[in-house]
Structure formats: structure tokens, C-alpha cells
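Peer 1: Provided below are the primary sequence and the corresponding predicted coordinates.
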Amino acid sequence: MAGNTKVQEIEVSAIKAEFDGTCRIIKDLEEFTHVLTLQPSGKDIIYKFQMTGKYPNAKPNVIIRCPALTEGQIEEMVKCMDTEADGTPMIQTMLTKAEQYLSANNINSSSKPKSGSGGNHENTGRKNKEKRKKRKEKQEEEEVKDEKKASMKTADDVIKRIQWDAELPQDEFLVGYIDRFLGIQEKYFTSFSWEDIASVDYSVLAVPKHRIEYFKYKDIKVWDKPRRIDNVFGSTGSKTTIYDVIANYEKNNPGSTKQDNGNYEDSDDDSDDGISVTIDGGASNSQMYNDDEDDDDDDQAAGFDKELCDDGYDKYWRNKERPNYFLAVRITDPDVAQTTEGIQDTILEHESRFESCCMPLHCLHMTLCTIGLDTPEQVEHCVSVLNRLKPELASMAPKNIPIILKGIGHFFNRALYAKIEGAKELYEFVDHIKLCFKNEGIEIRDNHEFVPHMTIIKVTRPVGNSTGQKYIPPWLYSHKTDVDFGQQVLDNIYLCKMTHERREDGFYVTPACLTF
């Protein structure tokens with residue numbers, strides 16, 4: 001495609017130079033990369049060539065307008081101009097064939113044609129400037145009418161709709177965009193930062209809006225720029241909206257909703273509804289995070305299969321093994337706890353219904369990874385491995401580099417967290433733990449890379465369902481987004497169980513605890 005574009009640019013430049021002043025060029029008009037409209041000097045004939053991205057390996061569409069030609073003659077002329085698409089420029093060749101046709105049929109297409117003998121042809125011998133002017137204006141109006149289509153909603157319109165329409169599940173949408181080096185890439189909508197691209201950090205996945213090619217709901221394209229498809233708003237005349245697409249999908253795929261003991265809607269599982277999010281400025285380009293281990297109720301969330309499959313099952317919400325344990329650094333610094341409590345109190349002053357959603361101060365932690373231990377033997381094995389690795393982990397732990405907690409982020413305004421500025425050594429430390437676990441046969445059930453954070457408050461499903469308030473109003477915390485929580489030394493690792501039970505001190509049940 002890039003080679004074709006280069007060939008087109010060279011040919012278009014050459015034609016523009018040859019027909020200087022009588023050539024109009026339009027780029028990226030609907031499915032056409034170039035539309036050339038030209039009029040040979042001294043001729044009352046207009047040629048329009050419409051090139052797609054496949055040109056010159058595909059023939060251009062040809063449109064001819066000439067008062068001296070009948071419709072039948074124009075069709076015959078277009079056939080005579082037909083040229084084999086062999087990957088080389090063909091516009092000049094087609095123009096030469098057009099002139100040969102006019103000459104062979106003794107057709108005078110000059111802008112000042114000679115008077116005919118009988119005077120019967122209405123376009124022959126016209127010298128009245130006013131009439132010629134009106135005819136030209138009419139031709140230009142017809143060209144504009146051909147090229148003008150219904151205004152299509154932009155990619156920015158679609159982004160804002162997905163962001164602000166509470167009925168649309170953001171984590172079920174995908175974005176197809178053009179990478180300058182890799183071509184078309186596809187990632188989840190929640191993988192991107194949709195802030196002003198000039199304000200985001202280099203480690204955040206952000207893309208200029210003009211590079212977005214399409215949006216998908218699950219595996220269905222609902223907005224496609226090159227094909228002028230808009231089934232989000234229905235702006236191109238389809239009269240189909242995103243609500244219609246979702247309703248049809250659910251009708252044709254009755255088992256496609258997320259499973260939770262067979263009934264997602266009626267479940268009391270407080271798993272944050274399987275939310276997957278990206279961390280502002282914190283993760284690599286495609287990192288996703290599932291906040292399962294922070295729930296106070298049933299902390300096991302439905303697995304999320306990101307891989308597409310062709311086995312007839314739903315591609316997005318197939319059950320996978322759920323994590324039931326996690327490794328974490330317990331946050332013990334009193335300044336961090338005090339600042340966290342102040343944030344929670346500020347929110348509760350205005351919205352007391354969120355009290356049960358606040359992370360207890362004795363449960364504050366930073367998750368390192370989530371794992372699966374399905375039998376007592378597996379738990380015992382994991383504890384044994386941790387105890388054996390303690391000297392090695394103690395030597396690797398970046399104890400001299402404090403973990404800095406600064407700033408507040410949010411997951412779709414449903415969960416607030418303290419941002420953690422993780423040093424390179426912290427990421428290497430977590431990678432080493434995961435590698436050791438894999439070598440010992442302990443199953444890592446993250447399905448995402450390590451993203452350091454500390455949860456402050458999260459709207460649980462029971463609270464959201466009972467109060468109808470599933471989101472934390474941004475104005476409750478927006479004035480605290482740059483707050484400095486404090487620091488925490490990496491001097492402990494806890495193996496925590498995802499369960500309702502808690503220890504006497506209120507922290508998670510911990511089969512193993514390493515202190516450095």
C-alpha cells in the first residue's frame with residue numbers, strides 16, 4: 001500500500017505540472033486516495049479519474065463530461081480508454097487513447113467549436129459567453145453533488161460517546177488504528193489514554209484521532225472510516241445505532257454475557273464487574289489491569305479471555321481459571337494511611353453511601369501478581385517456595401529505593417487508586433518472582449503485566465445495584481489528584497487469600513509472610 005501511494009504521488013505531481021491551472025486534485029475522498037479532475041487546454045471536455053489505494057494495480061474510475069458527446073459516445077469512449085492495470089502509471093495512456101477516439105470519430109471538443117451546417121446540435125456554435133458561463137456553473141454543481149455525501153460522525157465523536165454513555169461497556173470495544181511502522185493495529189478501547197496527546201507521558205498508549213480507522217463492538221465493526229460505515233450514530237444513512245448492534249448481538253449470542261455461577265445479573269459477587277483498565281501514565285502500551293484482589297466480598301472475578309477464537313464460543317467472556325491468591329506488599333507507612341483516610345473522609349462527607357466501598361486502612365497494599373492455588377497441596381507448595389526464596393528475594397528487593405505514592409487515578413470513575421511511581425528495580429523484582437513461580441509450577445493468573453497501584457475506594461456491585469450510583473463523581477476528588485501520600489519501603493511480601501475471611505488485625509488471610 002505504501003508503494004502504491006508513492007507511485008500515485010509521483011504520477012499526480014507530473015499530471016499537475018502538465019495541466020497547470022486546469023487540474024484539480026482531491027485527496028482521501030471516501031474510498032479514493034486521489035481524485036483528479038482536469039481539462040485539457042482549449043478543450044470543452046472534463047476528465048475525472050478516481051484512484052483507490054490499490055492503484056496502479058487496479059484501474060481508476062473514469063468520469064467524462066463533454067457537451068459535444070452523447071451518453072452513448074461517452075460510454076464508448078470510456079471503453080476505448082481501458083488500459084491494463086500492470087502496476088505502472090496509466091492516466092497519461094488513457095488520455096492519449098481518449099484523444100485518439102475523438103480524432104478517429106471526427107469529434108470536435110474544442111472550447112470554441114465551429115458552427116455546424118444544420119445548426120441542429122444545441123451545443124454547436126455557441127459563442128454567447130453568458131450561456132457558456134451558466135453551463136460551466138451547472139457542471140461544477142453536478143461535480144460537487146457527486147462528491148458530497150452525508151456528513152459522517154468523526155472518530156472523536158465515537159470516543160466521547162463510548163466514554164460518556166453509561167449504557168456502553170467500554171471494555172467490549174476495540175480500536176483499529178494506523179501505526180506508522182506496523183500498519184493497522186487493534187487494541188482495546190480501555191488500553192488508550194484519551195487525554196490531549198500533547199499532555200500524556202511517553203509510556204502511555206495514545207494515538208492521534210486521524211489515524212483511527214475503525215471501532216469494533218466485540219468482533220463487529222460499528223464505525224469504519226474508509227468504508228464510511230457509522231453504526232454508532234447512524235450518521236451515514238444506515239439508520240442503525242450502537243444500541244441496535246448490541247441488541248442484535250445479544251439476541252444472536254444469548255450466552256455471550258459474562259458468566260458468574262450461571263447468572264451474572266443476579267450475582268452478589270463483588271468483583272467490580274470484571275472491569276479491565278489501563279493506568280494513566282503507568283503501564284506499557286497494552287497493559288490491562290483487573291482489580292479483582294481488592295474486593296471485600298467475593299474477590300474472585302470472572303476471567304477475561306482476550307484471545308479471539310473460531311470455535312463457535314463467545315470470543316470475549318469465556319470462563320478461564322480465576323486467581324484465588326495474590327502476592328502483595330502491605331502498606332504500613334502511617335503517613336500513607338493517614339492521607340488515604342483523609343481522601344476517603346472527603347468523599348464520604350458528600351456521599352456517605354460509599355462507606356462500605358472504602359478500602360480499610362489495615363488492608364492497604366500493592367499487588368505484585370495474582371496466582372492460582374486450587375488445592376491445599378498447591379498452597380503448601382507455594383508457601384515452601386516462598387520460604388526457600390526468601391534469602392534470594394531479600395537480596396533483590398529494592399529496599400533502598402522507596403515506593404513513592406503520589407497522585408490519584410481512577411478506573412472509569414468506579415475505583416480510585418493512589419498512583420505508585422515504580423522504579424525499574426521494582427519491575428525487575430516482580431518479573432523475577434513470576435519467573436521463579438513459573439519454574440516451580442505455580443500458575444500465574446494475571447493475564448496482564450505488573451501495574452503498581454494502591455486502591456483507595458471502589459464502588460462494589462451490591463452498592464451500585466442498591467443505590468443506582470455506580471460511579472464516583474469526579475468533583476469529589478478532582479481537587480486531590482496531585483496529593484502526595486508518602487513513601488513505603490519494600491520490606492515485606494504477603495501471600496494473601498481472596499476470601500471474606502480476615503486476620504485478627506483486619507488484613508487478608510496470609511498463609512505466608514516474608515519480612516526483609
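Peer 2: Alright, I've got the coordinates.
Peer 1: is it true that residue 387 touches residue 512?
Peer 2: Yes. Using CB atoms under 8 Å, residue 387 makes contact with residue 512 at a distance of 7.0 Å. Bear in mind the C-beta positions are built from the backbone N, C-alpha and C, glycine included.
Peer 1: Please identify which of these two sits among more neighbours.
Peer 2: Set residue 387 next to residue 512 and count neighbours by other CB atoms under 10 Å: residue 512 wins out with 19 against 11.
Peer 1: Show the contacting residues for that one.
Peer 2: Going by CB atoms under 8 Å, 6 or more residues apart in numbering, residue 512 touches 382-383, 386-387, 494-495.
Peer 1: Put the buried members of those residues into a ChimeraX selection.
Peer 2: Buried residues among these (16 or more other CB atoms under 10 Å), as a ChimeraX selection:
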select :382,383,386,494,495
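Peer 1: The contacts of residue 512: which two are farthest apart?
Peer 2: Pairwise distances among those were taken by CB to CB; the largest, 13.2 Å, belongs to 387 and 494.
Peer 1: what do these two both touch?
Peer 2: With contacts taken as CB under 8 Å, 6+ apart, the residues that reach both residue 387 and residue 494 are 512, 514.
Peer 1: which stretches of the protein form helices?
Peer 2: Using DSSP state H, the helices of the chain run over residues 2-18, 71-80, 91-104, 129-147, 155-164, 242-252, 334-350, 376-396, 424-439, 461-467.
Peer 1: What would the first one look like as PDB? C-alpha coordinates only.
Peer 2: Think helix 2-18. C-alpha atoms of helix 2-18 as PDB (Å, rounded to 0.1, in the frame of the first residue of the first chain):
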ATOM      1  CA  ALA A   2       2.800   2.400   0.800                       C
ATOM      2  CA  GLY A   3       4.400   1.600  -2.600                       C
ATOM      3  CA  ASN A   4       1.200   2.400  -4.400                       C
ATOM      4  CA  THR A   5       0.900   5.700  -2.500                       C
ATOM      5  CA  LYS A   6       4.300   6.700  -3.700                       C
ATOM      6  CA  VAL A   7       3.600   5.800  -7.300                       C
ATOM      7  CA  GLN A   8       0.300   7.800  -7.100                       C
ATOM      8  CA  GLU A   9       2.000  10.900  -5.700                       C
ATOM      9  CA  ILE A  10       4.700  10.800  -8.400                       C
ATOM     10  CA  GLU A  11       2.100  10.500 -11.200                       C
ATOM     11  CA  VAL A  12      -0.300  13.100  -9.700                       C
ATOM     12  CA  SER A  13       2.600  15.600  -9.500                       C
ATOM     13  CA  ALA A  14       3.500  15.000 -13.100                       C
ATOM     14  CA  ILE A  15      -0.100  15.500 -14.300                       C
ATOM     15  CA  LYS A  16      -0.500  18.600 -12.200                       C
ATOM     16  CA  ALA A  17       2.600  20.100 -13.800                       C
ATOM     17  CA  GLU A  18       1.400  19.200 -17.300                       C
END
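Peer 1: Which residues belonging to it are considered buried?
Peer 2: 4, 7-8, 11-12, 15-16.
Peer 1: got it, and the last one?
Peer 2: Taking 16+ other CB under 10 Å as the basis for neighbour counts, the residues of helix 461-467 that come out buried are 461, 463-464.
Peer 1: In CSV: the residues you listed, plus pLDDT and distance to residue 150.
Peer 2: Converted to CSV, the buried residues of helix 461-467 look like this (pLDDT from 0 to 100; distance: CB to CB, whole Å):
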residue, pLDDT, distance to residue 150
461, 78, 41
463, 81, 44
464, 75, 39
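Peer 1: What is the nearest of those to residue 130?
Peer 2: Of the buried residues of helix 461-467, the one sitting nearest to residue 130 (CB to CB) turns out to be residue 464, at 71.7 Å.
Peer 1: Once you drop chain neighbours, what's closest to the closest one?
Peer 2: residue 470 (3.9 Å; CB to CB, 6 or more residues apart in numbering).
Peer 1: now stretch 459-477: how far from the chain's centre is it?
Peer 2: Centroid displacement of stretch 459-477 relative to its chain, using CA atoms, centre = their mean, to the nearest Å, is 26 Å.
Peer 1: Out of the helices of the chain, the one nearest residue 110 is which?
Peer 2: Here helix 91-104 is closest among the helices of the chain (CB to CB), at 10.1 Å.
Peer 1: for that closest one, packing partners?
Peer 2: helix 2-18, strand 46-52, helix 71-80 (3 or more CB pairs under 8 Å, 6 or more residues apart in numbering; DSSP states H and E).
Peer 1: contacting residues for residue 224?
Peer 2: 213-214.
Peer 1: Name whatever forms a beta bridge with it.
Peer 2: residue 214, residue 229 (DSSP bridges).
Peer 1: what's the pLDDT at it?
Peer 2: Model confidence at residue 224, given as pLDDT, is 95.
Peer 1: Beta-bridge partners for the residue positioned nearest the centre of the chain, please?
Peer 2: In the chain, the centroid-proximal residue (CA atoms, centre = their mean) is residue 175; its distance is 3.0 Å. Beta-bridge partners of residue 175, counted by DSSP bridges, are residue 187, residue 215.
Peer 1: Could I get the contacting residues of it?
Peer 2: 186-189, 192, 207, 212, 214-216.
Peer 1: try residue 74
Peer 2: By CB under 8 Å, 6+ apart, residue 74 lies in contact with 64, 66.
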